[in-house]
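Colleague: From the sequence below, what's the structure:
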Amino acid sequence: MGVTDSLAEYFDFDEHDTDFETETLAGVTTFLAMAYIVVVNPNILAPAIVGGVPEGGEVLRTEIAGETYTFAQVVEMLTVVTILASVVAILVMALYAKRPFGLAPGMGLNAFFTFTVVLTLGVPWQVALAAVFTEGVIFIALTAVGAREYIIRLFPEPVKFAVGAGIGVYLLFLGLQEMNVVVADDATLVTLGNVLQSPVAALSLLGLVVTLLLYARDIKGSIVLGILSTAVAGYALTLAGVVDRGVLEPGTVSQVESDGLGSLLFGVQYDFTPLFFGFVEGLSLITEDPLTFALVVFTFFFVDFFDTAGTLIGVSQIGGFLDDEGNLPDMDEPLMADAVGTTVGAMMGTSTVTTFIESATGVEEGGRTGFTALVVGILFLLSLLVVPLVTAIPTYATYIALVVVGILMLQGVADIDWQDPAWAISAGLTITVMPLTASIANGLAAGIMSYPLVKAAMGERRDVSPGQWVLAAVFVVYFVVYFAVSAGMLAF
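Modeller: Numbers count the residues shown, from 1 in each chain. Predicted coordinates for the structure are as follows:
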């Protein structure tokens, strides 16, 4: 038996009616859709470590383990850490859970880590890393005994079937914003962007149309083709002088001209051990304010728990992995991937690692097994060698994938019984609150809290389990704590 046959047998290709070509293409698609995190996560976390965001060309520095580092050096360290933490979590997903999902440090929680916990509450970044580590250890323990899967099975049925559509609208909203098709507005919060005035909006909209037409023609790899063709067009227009440099490409052309290709490819600082030493120091500082530390751990834990649960259910719905009750069989295995990733990632120096909604792009391309995740992990690992090339793909091009998949995920509304008030209200709130608050966890909260109340109002209280009432009450407690922490009512 050859290597390919062994891999096909290990990942159960026959059972899932898939092949190497399909799984590889799906992995590439997911990676391209997730690659932005390599740039975004370090730039969000770095201000927490150096104490702020550089303005007007100022050079911020910080001392870690007796050495002084600039903001740029910290960003480089965090870039390497972001990649390595993602690889660790993805390998667990690929080889243990055998699911086609990608993982990386989660958006939202990284901003909460920096701007709320560290810069607003005054919690040292070292202690914040210790809190993320503690959350990860708790996740590992709860996953090992099946507690996380048990809690997720308590989610009301309408909420489970609404998650996919909710994530779909969320992806649509995120993608259209990054493409400048939807922009901020003082009167209405958001409005339609001016395509005639914005090169990004014009090119991304054209790329979206091309991608949708390729998909409609059932062209394999339509999402990858859409991303790459849009990126190439952006560089071509830049080099032709149609638009200024830095508008349709992230400054790569100018950097190559000024510093040379060698500097672009090999100028990254790979030594991230100072961040590890900072984490170790954070463990020793926990006792200075254990109450605030516990509340920060609780907040990280709660949001990550429900974000991951919602993502797994929503993406699994697209792949047809859910059973008749909306549950993902053997859910504890993919849950272990984010638990391990979070624990190891915190030790390296990054915030919570979670399953990415961008995984839906690969699933839509046909990814059904852990080999898809393995391809994602390998590509992340290879990106260590050429970090700048990964970041050279414009973000607006990668977000085309989110819009396409967001549209396709709306099919989940067909599984909802809209004639039943309990289903309509809880599912409707789940779908709408997600994009309106930019949080999967908030959408789940709205559906989970409303379901038992509506059922009781309908005289069907017996249909609600005690666990569902408890889950709704826990969400109330969470929001009280979250708002107190966010408002700075608690300080370290």
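Colleague: Not counting its neighbours along the chain, what's nearest Leu7?
Modeller: Phe371 (6.7 Å; Cβ to Cβ, 6 or more residues apart in numbering). C-betas here are computed from N, CA, C, even on glycine.
Colleague: residues in contact with stretch 27-36?
Modeller: If you take Cβ atoms under 8 Å, 6 or more residues apart in numbering as the criterion, stretch 27-36 is touched by 86, 100, 102, 104, 221, 223-224, 227-228, 356, 358-359, 361-362, 364-365, 367, 371-376, 378-380, 383, 390-391, 393, 395, 398, 401-402.
Colleague: Take the residues you listed and keep only those in helices.
Modeller: Counting by DSSP state H, the contacts of stretch 27-36 place 86, 223-224, 227-228, 359, 361-362, 364, 371-376, 378-380, 390-391, 395, 398, 401-402 in helices.
Colleague: re earlier: correct me if wrong: the residue nearest to Leu7 contacts Ser6.
Modeller: No: here Phe371 does not reach Ser6: they are 11.8 Å apart, not a contact under Cβ atoms under 8 Å.
Colleague: Settle it for me: which of these two has more neighbours?
Modeller: Phe371 (28 against 10; other Cβ atoms under 10 Å).
Colleague: okay, that one: pLDDT?
Modeller: pLDDT, Phe371: 97.
Colleague: what does Pro158 give?
Modeller: So, for Pro158, pLDDT stands at 93.
Colleague: give me the low-pLDDT residue ranges for the protein?
Modeller: For the chain, the stretches with pLDDT under 70 are 1, 54-59, 251-269, 388-391, 485-492.
Colleague: how close does the spatially most central residue of the chain sit to Arg462?
Modeller: Centroid check for the chain by Cα atoms, centre = their mean gives Phe356 as the closest residue, at 3.7 Å. Separation of Phe356 from Arg462 (Cβ to Cβ, to the nearest Å): 39 Å.
Colleague: Can you name the element that comes right after the longest helix along the chain?
Modeller: Counting by DSSP H, the longest helix found in the chain is helix 290-319. As assigned by DSSP states H and E, the chain's next helix or strand after helix 290-319 is helix 332-348.
Colleague: just checking, what packs against that following helix?
Modeller: In terms of contact count using 3 or more Cβ pairs under 8 Å, 6 or more residues apart in numbering; DSSP states H and E, helix 332-348 is assigned the packing partners helix 71-92, strand 103-105, helix 125-144, helix 147-153, helix 273-285, helix 290-319, strand 353-355.
Colleague: quick one: the longest one to helix 332-348, angle?
Modeller: Looking back up the chat, that one is helix 290-319. 140 degrees (axes from the mean of the first three to the mean of the last three Cα atoms, to 10 degrees).
Colleague: now helix 290-319 and helix 125-144, what's the angle there?
Modeller: Going by the same axes, to 10 degrees, helix 290-319 makes 50 degrees with helix 125-144.
Colleague: got the buried residues for helix 290-319?
Modeller: Burial within helix 290-319, assessed by neighbour count using 16 or more other Cβ atoms under 10 Å, is assigned to 292-293, 295-319.
Colleague: and what of the fourth one?
Modeller: For helix 147-153, a neighbour-count test (16+ other Cβ under 10 Å) marks Arg148, Glu149, Ile151, Ile152 as buried.
Colleague: Give me the residues contacting it.
Modeller: Helix 147-153 has contacts (Cβ under 8 Å, 6+ apart) with Phe139, Leu142, Thr143, Phe305, Ala309, Ile313, Asn327, Met331, Asp332, Leu335, Gly467, Leu471.
Colleague: again, but for the last one
Modeller: Contacts with strand 353-355, where a contact means Cβ under 8 Å, 6+ apart, come from 85-86, 89, 93, 101-106, 109, 304, 307-308, 311-312, 315, 334, 337-338, 341-342, 344-345.
Colleague: tell me the contacts of Ile407?
Modeller: The contact partners of Ile407, taken as Cβ under 8 Å, 6+ apart, are Gly168, Leu172, Leu212.
Colleague: and it, backbone torsions?
Modeller: For Ile407, the backbone dihedrals (degrees, to the nearest 10) come out as phi -60, psi -40.
Colleague: what do you get for the one 4 residues further on?
Modeller: When quoted as degrees, to the nearest 10, the phi and psi of Gln411 stand at phi -60, psi -20.
Colleague: Could you pull up the residues touching it?
Modeller: Contact analysis of Gln411 by Cβ under 8 Å, 6+ apart lists Gly164, Ala165.
Colleague: check contacts around Thr211.
Modeller: The neighbours of Thr211, taking Cβ under 8 Å, 6+ apart as the test, are Ser222, Ile223, Leu225, Gly226, Ile227, Thr230, Ile400, Ala401, Val404.
Colleague: Filter these down to the buried ones.
Modeller: Buried members of the contacts of Thr211, scored by 16+ other Cβ under 10 Å, are Ser222, Ile223, Leu225, Gly226, Ile227, Thr230, Ile400, Ala401, Val404.
Colleague: neighbours around the closest residue to Leu402 other than its chain neighbours, how many?
Modeller: Counting by Cβ to Cβ, 6+ apart, Gly175 is the residue found nearest to Leu402 once chain neighbours are left out, at 3.7 Å. Look at Gly175: counted by other Cβ under 10 Å, it has 25 neighbours.
Colleague: I'd like to know which elements the helix or strand that contains Gly175 is packed against.
Modeller: Element membership for Gly175, per DSSP H and E: helix 157-178. If you count contacts as 3+ Cβ pairs under 8 Å, 6+ apart, helix 157-178 packs onto strand 182-185, helix 290-319, helix 395-409, helix 421-437, helix 440-457.
Colleague: Would you quantify the distance from the closest residue to Ala427 other than its chain neighbours to Asp417?
Modeller: Nearest residue to Ala427, sequence neighbours excluded (Cβ to Cβ, 6+ apart): Ala162, at 3.7 Å. Look at Ala162 and Asp417: by Cβ to Cβ, they are 11 Å apart.
Colleague: Equivalent analysis for Trp125, please.
Modeller: 47 Å.
Colleague: Ok, Thr372 next?
Modeller: 32 Å.
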